[in-house]
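Undergrad: here are the coordinates; sequence isn't available:
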């Protein structure tokens, strides 16, 4: 049975960046499960599964605009170190969380640290990246 909108599917995948770096994979673990058409995964990934049958494999590249969007410089902000929680020693690559004005949690990545300022980036870590996926459909429920 081919996967179609409304089906729940189980998929193994490996995601790589343009330089071949693996950013995520389900290999070595359980396949991911999602309902096709419910926007539980990025759109291009979901669309690629439609029409596949169990055992089928596919490789596709999803442009940044259809994945996590382009990197938005408005989401990068320099914050005085004095505004950070006391005792926090920020380092580039460190992930932090903050509350937005509406109470939602915002994920931040420290990208630069000076003696006075910490640069925080609220873009998704994969924003601005074209993503290549190798997908294998394991099961259609």
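TA: Structure received. Keep in mind it's a predicted model, so treat the numbers as computed, not measured. Numbering: from 1, shown residues only.

Undergrad: Show the end-to-end separation of stretch 14-31, please.
TA: This stretch, stretch 14-31, spans 11 Å end to end (Cα to Cα, to the nearest Å).

Undergrad: Compute the distance from the centre of that stretch to the centre of its chain.
TA: Distance, stretch centre to chain centre, for stretch 14-31: 11 Å (Cα atoms, centre = their mean, to the nearest Å).

Undergrad: Stretch 61-69 too?
TA: 10 Å.

Undergrad: Next, the spatially most central residue of the chain: phi, psi?
TA: By Cα atoms, centre = their mean, the chain has its centre lying nearest to residue 126, at 5.7 Å. When read as degrees, to the nearest 10, the backbone of residue 126 gives phi -100, psi 10.

Undergrad: Likewise for residue 64?
TA: Phi and psi for residue 64, reported as degrees, to the nearest 10, are phi -50, psi -40.

Undergrad: Now do the contacts for it.
TA: 70, 127-131 (Cβ atoms under 8 Å, 6 or more residues apart in numbering). (Each C-beta comes from the backbone N, C-alpha and C, glycine too.)

Undergrad: Please pick the buried ones from these.
TA: Neighbour-count burial (16 or more other Cβ atoms under 10 Å) is assigned, among these, to 127, 129, 131.
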